[in-house]
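Peer 1: sequence plus the predicted model coming up.
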Amino acid sequence: MIKEFRLTHELARNIAIAVINQLPVDSKHPLRIVIDEEKRSNRQNSLMWAMMTDLSNQVNWCGKKRPKETWKTLVGFQALKEIAEDDGKEFTAEYIQSLDKSTLLSVDVSTSKMNKKIFSKLIFVAQKFGAEEGVIFGDEAYEAIKLAEQYKDQLSKVA
């Protein structure tokens, strides 16, 4: 059974601590405790796709229009790269051969498990790039930008 606690107030924190203090310590069969940030919501995901659609409809990249899925990969890669660099680390793409060895492929950048901090960075990367390319973002894209701004302040307090 999985226990999940959302630290939204002090009582929730105290309950989580009490539960942890009651857990058995067993070196042969240890329990795992995972602390992470919430993943983005379905609404946030929809807003991200609105931004990718605006980029797809308005920007030629490497000589042609690219599908929104390609924009998600491009922007997601850039967001992850900038986060790594902000932490003093290096982030590079991995390229592997196709199974028939005829083509070199980039390992896809997955956004499905991105937490809200990475989601926020992805939105800012898309916004900055779009501004440089003269993209006129729609209402949903602006909603994504406003949402990302909220997380930026909240998440800057987290180490």
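Peer 2: Nice, I can see it. Note that the structure is predicted; figures quoted are calculated from it, not measured.

Peer 1: helices or strands next to the helix or strand of the chain with the lowest mean pLDDT in the packing?
Peer 2: Counting by mean pLDDT, DSSP states H and E, the chain has its least confident helix or strand at strand 104-106, which shows a mean of 79. With contacts taken as 3 or more CB pairs under 8 Å, 6 or more residues apart in numbering; DSSP states H and E, strand 104-106 sits against strand 95-97. (Each C-beta comes from the backbone N, C-alpha and C, glycine too.)

Peer 1: buried stuff in the helix or strand hosting residue 15?
Peer 2: Using DSSP states H and E, residue 15 maps to helix 10-22. Using 16 or more other CB atoms under 10 Å as the test for burial, helix 10-22 gives residue 16.

Peer 1: equivalent analysis for stretch 97-112, please.
Peer 2: Neighbour counts using 16+ other CB under 10 Å place 109, 111 of stretch 97-112 among the buried residues.

Peer 1: about what we covered before: show me the contact partners of the helix holding residue 15.
Peer 2: With contact meaning CB atoms under 8 Å, 6 or more residues apart in numbering, helix 10-22 is reached by 3, 5, 6, 7, 33.
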